[in-house]
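A.B. asks: Task: produce atomic coordinates for the following.
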Amino acid sequence: MNNITFLETQNNNKNTAAVPEEKIGFWDRYDIFLIAILATELFTPYLIWIGILPGILRWITDLALLAIIGLTLIRMLLLDKIPPVVLVILGITIVGTIVAFFEGQALPATIWGWWVMFRYPIIGIYAYLKPHWPINFSARLLKALVWLLGFEVSFQIIQYLAGEPPGDHLAGTFGGFGTASLLMLLMLTFSLALGQWLANGDWRMLGWVVLFCTISSTLGEMKIFPFVVVILAVLALCIHLIRGQQMQRLILFVLIFLVIVIAFVAMFNLVVAEQVEGVRRLEDYLFDANNLNTYLFSKQLSTTGSYFGRGFALQYGWQILQRDGPTFLFGMGLGARGESRALGIVGEGLRQGNFGLYSGTSLLVMMQEIGAVGLFIFGFFMLWFISRVYQDAKRDPGSADTVVRYGMIMFSVLWPIWLWYEAIWASSIPMLLYWGLMGYILSRPLPAPANKYPPAYARKNQKTNVYLS
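C.D. replies: Below is the predicted model:
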């Protein structure tokens, strides 16, 4: 039997005094390579677009990403910890390389295709293995993103007042044709703000995000914005009702989203449709099938640059998959629809196509490069991630990380729309944030499960004799 005295208990408490926390340096918390990528992709695109900076500076991002991949491999070796997703990436790499070889594609094009496909998802592995994160990272991140949206909106307003018409070039610091990246940043921040409302009922941050998103999407002529907002609102309401939360909170929530849709439609028709030639009023796309069909399925073939609509991109991708059985299953290999003018690389899929060097949407790229099997793997992984993060949010509802969990669920559910909408897989800042947050949130510790027996029952059946002296 164990004899425990009061004096012994005091001595044990002295001997087990709190050990000072490990000192964590600045560069352990705020990674220098991630900062280099964010700074480069935030400030250089616009300056390169207007000709102030040389385009070669964009390669800083790729060099920093290459360093991160190297650090990720080193961490896996030192920690003797290989996440299962690494094996998935390895399998897709092997199959995609073999398929590209039999398609007759040059090795540099395959390597470049692998780089474009996996450079940002590997950020998630890097974040998952990262040993230290800043204190209150989730709360700080959301505040920083709201400030970033405010900065981007201010930049857009200055552009507009300087004479830049609404459209693809009115994208803040993202430069020419940067509205796809800006939209993804808007939607990721919007999802996280909704996550905060779901987690603790705080709608103040959501109000600011709503204001910034409405103004920014109007100036950038982002017609998809109100439809995505409605989908996210319905999804948030479903989660809210499933969790059995207070019904009175829904009134303010519904009012906010009604204001968003009405304000966007009014601003779009006034600022964009009335001032930009060739752009119709938003309701014309909704209630006129011919206008909608022309918008989604248009295509343009020219020597200066080809283009086709999002609906045609999906149609074209399905046509490619039906070429034969192996192509349907595995596509044409990694890099088939990739290109780099700086490196002189063109994928075999682009060479065999009729649209020049225009890659199209991310969905088309994935259909042609990894086929139905690759798309199934991606979809299965996203379903697993959404389920896992939702269960974590239920187990740890009071944590600040639950805000990020709900936000990631919101954004991840809409992956089919993101892939269909644009070539967002290469959108640097949104993808860096998304995959980094995925690794971060999967690595966060959860509270231990509740004891099967209550403490009183456990004490009653304890075999230890305790003597007080």
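A.B. asks: Distance-wise, check the residue nearest to D284 when sequence neighbours are not counted relative to I74.
C.D. replies: Once flanking residues are discounted, D284 sits nearest to N291: 5.2 Å by CB to CB, 6 or more residues apart in numbering. Glycine gets a C-beta too; all of them are placed from N, C-alpha and C. Plainly put, N291 is 54 Å away from I74 if you go by CB to CB, to the nearest Å.
A.B. asks: out of those two, which sits in the busier spot?
C.D. replies: When N291 and I74 are compared for neighbours, N291 comes out ahead with 15 against 11, by other CB atoms under 10 Å.
A.B. asks: and that one, what does it touch?
C.D. replies: For N291, the contacting residues are 280, 284-285, by CB atoms under 8 Å, 6 or more residues apart in numbering.
A.B. asks: likewise I370?
C.D. replies: If you count contacts by CB under 8 Å, 6+ apart, I370 has them with 92, 96, 117, 330-331, 334, 378.
A.B. asks: ok, now G317?
C.D. replies: So G317 contacts 360, 363-364, 367-368 (CB under 8 Å, 6+ apart).
A.B. asks: Among these, which one has the most neighbours?
C.D. replies: Highest neighbour count within the contacts of G317: M367, with 28 neighbours (other CB under 10 Å).
A.B. asks: Over to the residue lying closest to that one once chain neighbours are set aside: give its phi and psi.
C.D. replies: Nearest residue to M367, sequence neighbours excluded (CB to CB, 6+ apart): G317, at 3.7 Å. Backbone torsions of G317, given as degrees, to the nearest 10, read phi -60, psi -40.
A.B. asks: For I417, which non-adjacent residue is spatially closest?
C.D. replies: The nearest residue in space to I417 (CB to CB, 6+ apart) is V228, at 6.6 Å.
A.B. asks: which stretches of the stretch 101-250 of the chain form helices?
C.D. replies: Ranges of helices within the stretch 101-250 of the chain are 107-118, 121-128, 137-161, 179-200, 204-219, 225-242, 249-267, based on DSSP state H, counting those that start in this stretch.
A.B. asks: so for the second one, what's the average pLDDT?
C.D. replies: So the one you mean is helix 121-128. Averaged across helix 121-128, pLDDT comes to 95.
A.B. asks: Tell me how far that helix lies from the chain's centre.
C.D. replies: Its chain's C-alpha centre and that of helix 121-128 lie 12 Å apart, by CA atoms, centre = their mean, to the nearest Å.
A.B. asks: got any ranges where this structure has weak pLDDT?
C.D. replies: Scanning the chain for pLDDT under 70 picks out the ranges 1-30, 245-249, 302-305, 449-469.
A.B. asks: One more pass at 80, please.
C.D. replies: Within the chain, the ranges that satisfy pLDDT under 80 run 1-31, 243-254, 256, 300-306, 447-469.
A.B. asks: one step back: let me know which of the helices of the stretch 101-250 of the chain is the nearest to P430.
C.D. replies: Of all those, helix 179-200 sits nearest to P430, with 3.5 Å by CB to CB.
A.B. asks: How about L183: what's its closest non-neighbour residue?
C.D. replies: Excluding its sequence neighbours, the residue lying closest to L183 (CB to CB, 6+ apart) is M222, at 5.2 Å.
A.B. asks: residue contacts, that neighbour?
C.D. replies: Counting by CB under 8 Å, 6+ apart, M222 touches 179, 183, 186, 216.
A.B. asks: Look at stretch 129-146 and report the distance between its end residues.
C.D. replies: One end of stretch 129-146 sits 27 Å from the other (CA to CA, to the nearest Å).
A.B. asks: So which of the contacts of I370 sit within helices?
C.D. replies: Counting by DSSP state H, the contacts of I370 place 92, 96, 117, 330, 378 in helices.
A.B. asks: how near is the fourth one to G96?
C.D. replies: Yep, that's F330 we're talking about. 8 Å.
A.B. asks: Name the residue closest to the centre of the chain, please.
C.D. replies: By CA atoms, centre = their mean, the chain has its centre lying nearest to Y434, at 3.0 Å.
A.B. asks: is it true that L334 touches G96?
C.D. replies: Yes - L334 is within contact range of G96, at 3.6 Å (criterion: CB atoms under 8 Å).
A.B. asks: Find the residues that touch each one of those two.
C.D. replies: Taking CB under 8 Å, 6+ apart as the contact rule, L334 and G96 both touch 110, 113-114, 117, 369-370.
A.B. asks: Most neighbours among the residues you listed, please name it.
C.D. replies: Among these, G113 has the most neighbours (other CB under 10 Å), with 30 neighbours.
A.B. asks: Just give the closest residue to T218, not the sequence neighbours.
C.D. replies: The shortest distance from T218 to any non-neighbouring residue, by CB to CB, 6+ apart, is to M267 (4.3 Å).
A.B. asks: Same check on I320?
C.D. replies: In this structure, I320 finds its nearest non-sequential neighbour in Q368, 5.2 Å apart by CB to CB, 6+ apart.
A.B. asks: what helix or strand does that neighbour sit in?
C.D. replies: helix 362-395 (DSSP states H and E).
A.B. asks: now that helix against helix 121-128, angle please.
C.D. replies: Calculated by axes from the mean of the first three to the mean of the last three CA atoms, to 10 degrees, helix 362-395 forms an angle of 20 degrees with helix 121-128.
A.B. asks: Just the angle for helix 362-395 relative to helix 179-200, thanks.
C.D. replies: Here helix 362-395 runs at an angle of 10 degrees relative to helix 179-200 (the same axes, to 10 degrees).
A.B. asks: Can you give me the buried ones in helix 362-395?
C.D. replies: 362-371, 374-375, 378, 385-386, 389-390, 392-393 (16 or more other CB atoms under 10 Å).
A.B. asks: Could you do stretch 156-163 as well?
C.D. replies: Judged by neighbour count using 16+ other CB under 10 Å, the buried positions of stretch 156-163 are 156, 159-160.
A.B. asks: that older thread, wait, which of the ones in helices among the contacts of I370 is closest to W425?
C.D. replies: The nearest member of the ones in helices among the contacts of I370 to W425, counting by CB to CB, is M117 at 7.5 Å.
A.B. asks: before we move on, the earlier item: can you name the next helix or strand after the helix holding Q368?
C.D. replies: helix 401-413.
A.B. asks: counting contacts, what elements does the helix or strand just after that next one pack onto?
C.D. replies: Of the helices and strands lying after helix 401-413 in sequence (DSSP H and E), the nearest is helix 415-421. Secondary-structure packing of helix 415-421 (3 or more CB pairs under 8 Å, 6 or more residues apart in numbering; DSSP states H and E): helix 179-200, helix 310-321, helix 362-395.
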